[in-house]
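1. Sharing a sequence plus its predicted fold:
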Amino acid sequence: MQPLRQTWPQHLAERYREKGYWRGETMFGVLRRTAAAYPDNLAVVGTDGRWTYRELHERAERIARGLLSAGLTPGDRVVVQLPNCTAFLSVVFGLFRAGLIPVFSLPAHRETEIAHFLHRAEAVGYIVADRHGGFDYRALARKVKQEVPALRHVIVVGEAEEFPSLDDLPAGDAPLPADPAPESVAFLQISGGSTGLSKLIPRTHDDYVYSFRASAEICGMTPDTVFMGSLPVAHNFPMSSPGIFGAVYVGARVVMCPSPSPETAFHWIEQERVTMTGLVPPLALLWMQAAGRSTFDISSLEVLQVGGAKFAPEAARRVSSTLGCKLQQVFGMAEGLVNYTRLDDPEDLVTETQGRPISPDDEILIVDDMGQPVPAGERGLLLTRGPYTIRAYHNDPAANQRAFTADGYYRTGDIVRMTPEGYLVVEGRAGDHINRAGEKISAEEIEDHLLAHPGVFDAAMVAIPDPYLGERSCAFVIPDGPRPGIADLKAFIRGRGLAEFKVPDQIVFAESFETTAVGKVSRKVLRQRLRDALMSREKEEV
Ligand SMILES: O=C(O)c1cccc(O)c1O
């Protein structure tokens with residue numbers, strides 16, 4: 001098994017400890033401490049229950065024993081694919097308590113993605129819900145099991161059919177392991193993936209706990225906060241910025257909202273008196289629209305965080321008047337660096353920037369294509385390193401070569417500029433991905449799938465600005481022989497076992513890609529040309 005590693009240069013690790021960023025806390029240690037301090041506070045509420053911190057802690061320990069009694073061994077990796085439900089927290093803390101390594105996937109992922117995570121992580125376990133959002137995860141687990149023989153343990157939360165169910169894990173009195181070293185890797189998070197398939201992001205206890213502890217402070221979380229997970233909580237944003245883990249850190253309540261639609265979310269806000277939640281821009285627009293006609297009382301909401309993609313300043317300015325709460329912009333990445341506008345910032349900073357870093361030791365470089373720093377205030381590529389930004393992906397030397405500089409900066413792929421106040425404004429991105437409502441889709445990954453279709457000679461996928469999604473995906477396709485149908489191509493992509501958000505929104509046929517090219521062009525230049533051509537054509541048509 002490839003060892004899990006995430007290491008910073010020694011002198012920096014020492015500095016991060018001296019400065020009190022890394023305090024030797026572990027993920028389970030966070031729950032243990034909160035359960036001791038606030039045993040009777042409500043920890044988590046969802047359609048599947050309401051538990052206090054004492055109950056959550058007990059459940060997590062019981063699950064830890066059950067998983068070990070069922071044959072999992074500390075150090076084993078387990079892909080977790082659960083919707084927003086109370087069991088998400090008990091399962092994940094149970095895995096931490098057992099020394100097992102969660103690999104976080106999203107409810108939208110399908111067999112191709114799950115099989116990739118299982119392979120890459122060399123995982124032996126897979127924990128799923130029975131059904132959610134009209135989809136049967138047991139059927140998915142059956143397919144994945146056939147594809148990945150190394151998968152030994154499928155565990156289902158709910159109606160398990162032929163699989164073991166979470167509730168039926170052996171009670172066992174398996175001894176629980178000692179707490180892991182705080183500098184060790186706690187879990188694998190999934191990257192948005194700008195080239196090819198998603199990469200796995202090893203995060204340590206030290207670095208991750210720092211990121212959500214400091215986030216909880218910046219966002220003013222207290223034991224009275226009621227934080228609602230509206231986006232899928234396996235996403236790094238609602239997980240840690242400050243998210244469900246920030247809430248657990250301070251002893252606040254987590255509300256697991258099963259869907260971010262305004263009807264569902266407003267109901268939960270009213271019922272649980274939610275004070276804080278986070279959304280991607282398209283959902284924020286939807287909520288603002290719905291708030292005017294809604295009869296739910298959402299007056300408890302104090303802070304709405306918006307992140308994942310750029311939020312237009314015009315929309316940002318309307319948040320407080322339509323939803324009656326403060327806006328906080330969040331610009332972050334599962335690899336580490338997270339920026340926030342602060343709750344007491346002047347309105348212009350909050351509406352026009354994406355915030356500033358969590359840590360005084362987050363190092364920011366804004367450089368040109370040659371890697372040279374740009375003059376102050378100009379746009380360039382964002383590089384970063386710091387006390388919670390990774391130095392390497394898991395088990396992927398080629399990606400590491402591309403994504404990190406020799407001196408350990410992570411190349412975020414975002415194009416930003418810095419204001420005189422030291423706040424970042426996101427201007428675009430360098431990588432070939434599509435940021436579709438906060439979901440990052442790799443153009444290359446989808447092109448490869450299109451190329452597998454017998455009727456496709458070549459394919460190039462690009463991002464097209466979209467008023468609602470921010471960006472939508474458009475695939476240019478050169479047919480090999482007669483044109484395949486558009487519905488047929490989309491069905492083909494779906495049939496490849498991919499998340500629905502990766503299916504191209506638009507497909508445009510082309511005769512060739514070489515119209516204006518002199519000689520060979522790179523995929524990058526080609527995508528740019530196709531995109532520009534389509535957009536100027538659309539402009540003429542309007
Ligand atoms: O990945 C993201 O887009 C993201 C956005 C806001 C905050 C985060 O932590 C993130 O990872």
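-> Ah, there it is.

2. Next, the contact list for whatever residue of the stretch 401-542 of the chain ends up closest to the ligand, please.
-> For the stretch 401-542 of the chain and the ligand, the shortest gap (C-beta to the nearest ligand atom) falls at Gly438, measuring 5.8 Å. C-beta here means a position set from N, CA and C on the backbone, and glycine is covered the same way. Applying C-beta atoms under 8 Å, 6 or more residues apart in numbering to Gly438 gives the contacts 231, 237, 280-282, 307-309, 470.

3. let's see it at 10 Å
-> Each residue near Gly438 by C-beta atoms under 10 Å, 6 or more residues apart in numbering is listed here: 192, 231, 235, 237, 279-283, 306-309, 469-470, 501.

4. Equivalent analysis for Asn435, please.
-> By C-beta under 10 Å, 6+ apart, the neighbours of Asn435 are 192, 194, 280-281, 308-310, 414, 426, 428-429, 441, 463, 469-471.

5. that older thread, also near the ligand: which of the contacts of Gly438, exactly?
-> 237, 307-308 (C-beta under 6 Å from any ligand atom).

6. ok, and the closest residue to the ligand within the stretch 251-400 of the chain, which helix or strand is that part of?
-> Proximity of the stretch 251-400 of the chain to the ligand (C-beta to the nearest ligand atom) peaks at Gly332, 2.7 Å away. Gly332 is part of strand 326-333, with elements assigned from DSSP states H and E.

7. Quick check: nearest residue in space to the residue of the stretch 401-542 of the chain closest to the ligand, chain neighbours excluded?
-> By the measure of C-beta to C-beta, 6 or more residues apart in numbering, the closest residue to Gly438 outside its immediate chain neighbours is Gly308, 2.8 Å from it.

8. got the residues of this structure near the ligand?
-> 236-237, 240-241, 307-308, 330, 332-334, 338, 438.

9. Tell me which stretches of the stretch 51-200 of the chain form strands.
-> 77-81, 101-104, 125-129, 131-132, 135-136, 153-157, 185-190, 200-204 (DSSP state E, counting those that start in this stretch).

10. export the longest one as PDB, just CAs?
-> Spelled out, it's strand 185-190. Output of strand 185-190 as PDB, limited to C-alpha atoms (Å, rounded to 0.1, in the frame of the first residue of the first chain):
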ATOM      1  CA  VAL A 185      -2.800  12.000   7.400                       C
ATOM      2  CA  ALA A 186      -6.300  12.000   8.700                       C
ATOM      3  CA  PHE A 187      -8.200  11.500   5.500                       C
ATOM      4  CA  LEU A 188      -8.200  12.000   1.700                       C
ATOM      5  CA  GLN A 189     -10.200  14.800   0.200                       C
ATOM      6  CA  ILE A 190     -11.000  14.900  -3.500                       C
END
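
11. Report the inter-axis angle for that strand versus strand 200-204.
-> 150 degrees (axes from the mean of the first three to the mean of the last three C-alpha atoms, to 10 degrees).

12. ok, now which ones touch Asn339?
-> Here Asn339 is in contact with 241, 307, 329-333, 353-358, 362, 364, 384, 416, 423-424, 426 (C-beta under 10 Å, 6+ apart).

13. mind redoing it with 8 Å?
-> Taking C-beta under 8 Å, 6+ apart as the test, what Asn339 contacts is 330-332, 354-358, 423-424.

14. cool, and Ala43?
-> Neighbours of Ala43 in contact, by C-beta under 8 Å, 6+ apart: 34, 51-53, 55-56, 89, 248, 253-254.

15. Off-centre distance for the host helix or strand of it?
-> Following DSSP H and E, one finds Ala43 within strand 42-46. Distance of strand 42-46 from the chain centroid (C-alpha atoms, centre = their mean, to the nearest Å) equals 22 Å.

16. CA-only coordinates of it in PDB, if you can.
-> Extracted C-alpha coordinates of strand 42-46, given in PDB (Å, rounded to 0.1, in the frame of the first residue of the first chain):
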ATOM      1  CA  LEU A  42     -27.500  19.300  20.400                       C
ATOM      2  CA  ALA A  43     -24.700  18.200  18.000                       C
ATOM      3  CA  VAL A  44     -26.600  17.300  14.900                       C
ATOM      4  CA  VAL A  45     -30.100  17.300  13.500                       C
ATOM      5  CA  GLY A  46     -31.300  15.700  10.300                       C
END
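
17. Parallel or antiparallel, which strands does that strand pair with?
-> strand 49-52 (antiparallel), strand 253-256 (parallel) (DSSP bridges).

18. mind checking the longest helix of the chain?
-> As assigned by DSSP state H, the longest helix anywhere in the chain is helix 523-541.

19. Quick one: mean pLDDT over it.
-> When pLDDT is averaged along helix 523-541, the result is 81.

20. Packing partners of the helix or strand where Thr384 lies?
-> Per DSSP H and E: Thr384 is located in strand 380-385. Judged by 3 or more C-beta pairs under 8 Å, 6 or more residues apart in numbering; DSSP states H and E, strand 380-385 is in contact with strand 363-367, strand 410-418.

21. could these be laid out in TSV, adding mean neighbour count and mean pLDDT?
-> Output for these, formatted as TSV (neighbours: other C-beta atoms under 10 Å; pLDDT from 0 to 100):
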stretch	mean neighbour count	mean pLDDT
strand 363-367	18	98
strand 410-418	21	96
